[in-house]
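Trainee: Only the shape, not the letters, is given here:
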């Protein structure tokens with residue numbers, strides 16, 4: 001079992017910055033992909049950014065040049081630096097991790113509990 005604990009959400013004015021952090025713990029062989037999704041009220045959950053264990057990064061178009069994802073493989077953590085925040089970035093942000101329990105098992109995706117980010121205009 002894998003636990004993902006997020007921190008860093010909050011309320012910020014438009015144009016401001018926040019940093020989200022997520023730490024994975026538990027019993028696993030490796031973590032392949034880590035990333036962040038978000039879900040705004042009345043909308044589907046969407047991918048914000050992801051990073052593989054080798055450092056390959058993807059950003060949603062809506063956050064490119066404003067958000068930066070980073071990862072510490074030794075500590076099993078992933079961060080999301082969010083700059084130039086807009087009201088439309090308001091959502092619950094979820095950390096994800098695709099983990100492998102043993103060398104021979106397939107990947108399993110785990111989700112964090114979510115952290116609220118609210119951007120006021």
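Mentor: Sure thing, it's come through. Predicted model, so just to flag it, every value in this text is computed and none were measured.
Trainee: tell me the residue furthest from the middle of the chain?
Mentor: Most distant residue from the mean C-alpha position of the chain: residue 104, 26.2 Å away (C-alpha atoms, centre = their mean).
Trainee: any idea how far residue 35 is from that residue?
Mentor: According to C-beta to C-beta, to the nearest Å, residue 104 and residue 35 sit 24 Å apart. Glycine gets a C-beta too; all of them are placed from N, C-alpha and C.
Trainee: Could you do residue 22 as well?
Mentor: Applying C-beta to C-beta to residue 22 and residue 35 gives a distance of 9 Å.
Trainee: now residue 2
Mentor: Residue 2 is 14 Å from residue 35, by C-beta to C-beta.
Trainee: Would you mind listing the buried residues in stretch 95-103?
Mentor: 95, 96, 97, 98, 99, 101 (16 or more other C-beta atoms under 10 Å).
Trainee: What pairs with the helix or strand containing the first one, parallel or antiparallel?
Mentor: Meaning residue 95. Assigned by DSSP states H and E, residue 95 belongs to strand 91-100. Strand 91-100 sits in its sheet next to strand 30-39 (antiparallel), strand 107-111 (antiparallel), strand 115-120 (antiparallel), going by DSSP bridges.
Trainee: What helices and strands are in contact with the helix or strand that the longest one is followed by?
Mentor: As assigned by DSSP H and E, the chain's next helix or strand after strand 30-39 is strand 46-51. In this structure, strand 46-51 packs against strand 30-39, strand 57-59, strand 67-72, strand 77-82, with contacts taken as 3 or more C-beta pairs under 8 Å, 6 or more residues apart in numbering; DSSP states H and E.
Trainee: most packed of those strands?
Mentor: With neighbours defined as mean count of other C-beta atoms under 10 Å, the helices and strands packed on strand 46-51 peak in mean count at strand 77-82, which reaches a mean of 22.
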